[in-house]
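>>> starting from these lines, generate the structure:
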Amino acid sequence: MKKLFACLALAAAVLAPTAWAQSDAASAPVAAASAVIAAAAPAAEAAASAALAAPAAADAASAASAAVAPAPVPNKGDTTWMMLSTLLVIMMTVPGLALFYGGLVRSKNMLSVLMQVMVAFSMIVVLWVLYGYSFAFTEGNAYIGGTDRLMMKGIWDNVAGTFANAATFSKGVVIPEVVFAAFQATFAGITACLIVGAFAERIKFSAALLFLALWFTFSYLPIAHMVWFWMGPDAYSAAAVVDEMNGKAGLIWQWGALDFAGGTVVHINAAVAGLVGAYMIGKRVGYGKEAFTPHSLTLTMVGASLLWVGWFGFNAGSALEANGFAALAFINTFVAAAAAVLAWSIGEALHKGKASMLGAASGAVAGLVAITPAAGNVGIGGALVIGFVAGFACLWGVTGLKKLLGADDSLDVFGVHGVGGIVGALLTGVFNSPALGGPSAVGDWVTASMITPDAYSIATQVWTQAKAVGVTVVWSAVVSVIAYKIVDLVIGLRVSEEEEREGLDISSHGETAYHK
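Sure thing, here's the model as predicted:
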């Protein structure tokens, strides 16, 4: 643990002096591309479909029009909404996810889970500021961004007091880039924390942190760039530049995959890493022989409720504006979670004869996971169907599929986030269709016109969605195997059997959650 913190401190000391200084070009987005998040092809207030948009620099609207048109100014309502959304996602993680996971483990491991979530989230936020944002959301190649925003260089001019802007999904509409960067930091943080649930109750604290730092760098950042980075709507100034602008986007964005708020980037990515960890770290001592019952379903319910509320910022905030599509993502998030609670409870009652509180809470999370890629990409009817399907599918994921896989995924990260993420990603391609009540996707960013009902192909879009899922699964799995192996060789992955039986609260942190 000491070695890990020493390495992190040394790295920060070496990087900080040269990189922290703000660039003279702070008021202009880097190379036109501090560019943005994409998720496919939405239309912002003209952007019905996709997810997060990228801080695209007010790149080439053409020299002539640039000379005539004044630079866009962020709307205070949009900026306020994005700051509120950022706070909601922080609440999802600490305390939401921490309490949800904490209630599911045995009492002797409660604090260890809270610590892993809180410290991992904090570490990822620091790494995001140092290099993560730059590698995810600036122009580089189809797989990874560049170094233009290392240490947030150029995001504001501290002398002039001016701020760079980030694009949304609407032409001529921007938000302060620093707000976009903060919003995206919360996504990176909670994604890493989701993985904690898969190896809870037996991993070394230092091993968890080192693994998450490696995985964040080599899996989260490339996937985020591939799915969400594009040059922004204003870059599409004329038909002549379309191919050039598309070629600068992330690989999966170029394919036209739709991911409004992170079905691939967040949920599938984290779930695969968790499943690999469950295999490589091994099963908990006594698994299959002893009861591993949650020590506080009350806290799990509280955590699930905070997740549900916070998820409105996660999904609706991904519209990047306070507009109609933020409202669509908002209500879809609401109804999909409710539908999944009912589906899980019905399935559990049919299977076991009783519906449980744990099942209802898990159902809510399953619905929220599944609607994440679809939030602004489907109609309300589509959201209801996605929620119901996810409730039943994830119930199978934590029962039948878990037995088939044979891994000790402690808190069912893959069963909920993996299965739910895949279901949501694939069904997004179905219910995005205007024939099924969806908003369709942007077919031409020069005019911000949507694909017409006659031209929309469900089969083609579902195939594109499936390719995005496949790339995410393979990429995350390969990176995870290598990262876990490195951590095992350097500091070892799990605590001793004696420490595990004593509980990680005492053995790893020297304190207990409850005093008798």
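>>> can we go C-alpha only for contacts and neighbour counts from here?
Will do.
>>> now stretch 469-484: buried residues?
Within stretch 469-484, the residues scored as buried using 16 or more other CA atoms under 10 Å are 469, 471, 472, 473, 475, 476, 477, 479, 480, 481, 483, 484.
>>> JSON lines please, covering these and showing secondary structure.
JSON lines is the format used below for those (DSSP: H, G, I helix; E, B strand; the rest coil):
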{"residue": "469", "secondary structure": "helix"}
{"residue": "471", "secondary structure": "helix"}
{"residue": "472", "secondary structure": "helix"}
{"residue": "473", "secondary structure": "helix"}
{"residue": "475", "secondary structure": "helix"}
{"residue": "476", "secondary structure": "helix"}
{"residue": "477", "secondary structure": "helix"}
{"residue": "479", "secondary structure": "helix"}
{"residue": "480", "secondary structure": "helix"}
{"residue": "481", "secondary structure": "helix"}
{"residue": "483", "secondary structure": "helix"}
{"residue": "484", "secondary structure": "helix"}
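>>> want to throw the residues you listed into JSON lines with pLDDT?
Formatted as JSON lines, the buried residues of stretch 469-484 follow (pLDDT from 0 to 100):
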{"residue": "469", "pLDDT": "98"}
{"residue": "471", "pLDDT": "98"}
{"residue": "472", "pLDDT": "98"}
{"residue": "473", "pLDDT": "98"}
{"residue": "475", "pLDDT": "98"}
{"residue": "476", "pLDDT": "98"}
{"residue": "477", "pLDDT": "98"}
{"residue": "479", "pLDDT": "98"}
{"residue": "480", "pLDDT": "98"}
{"residue": "481", "pLDDT": "98"}
{"residue": "483", "pLDDT": "98"}
{"residue": "484", "pLDDT": "98"}
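>>> and those as CSV, adding distance to residue 332?
Shown next, in CSV, are those (distance: CA to CA, whole Å):
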residue, distance to residue 332
469, 22
471, 27
472, 24
473, 26
475, 29
476, 28
477, 30
479, 33
480, 32
481, 35
483, 36
484, 37
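>>> and the residues you listed, which two are the farthest apart?
Largest separation among those by CA to CA: 469 and 484, giving 22.0 Å.
>>> shaky segments in the protein?
For the chain, applying pLDDT under 70 flags the ranges 1-69.
>>> how about the strands of it, start to end?
156-157, 162-163, 165-167, 174-176, 442-444, 449-450 (DSSP state E).
>>> please identify the most buried of these.
Of all those, strand 165-167 has the most neighbours on average by mean count of other CA atoms under 10 Å, namely a mean of 32.
>>> parallel or antiparallel, list what pairs with that strand.
Using DSSP bridges, the strands paired with strand 165-167 in its sheet are strand 174-176 (antiparallel).
>>> off-centre distance for the strand it pairs with?
21 Å (CA atoms, centre = their mean, to the nearest Å).
>>> ok, residue 212 to residue 275 distance?
In this view, residue 212 and residue 275 are 14 Å apart by CA to CA, to the nearest Å.
>>> just to revisit the earlier point, how about the strands of the chain in JSON lines, adding distance to residue 434?
Output for the strands of the chain, formatted as JSON lines (distance: least, CA to CA, whole Å):
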{"stretch": "strand 156-157", "distance to residue 434": "41"}
{"stretch": "strand 162-163", "distance to residue 434": "38"}
{"stretch": "strand 165-167", "distance to residue 434": "26"}
{"stretch": "strand 174-176", "distance to residue 434": "28"}
{"stretch": "strand 442-444", "distance to residue 434": "12"}
{"stretch": "strand 449-450", "distance to residue 434": "10"}
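>>> and those strands: which comes nearest residue 314?
Per CA to CA, nearest to residue 314 of the strands of the chain: strand 174-176, 16.7 Å.
>>> what sits against the residue nearest the centre of the chain?
Closest residue to the average C-alpha location of the chain: residue 266 at 3.1 Å, with CA atoms, centre = their mean. For residue 266, the contacting residues are 187, 188, 191, 220, by CA atoms under 8 Å, 6 or more residues apart in numbering.
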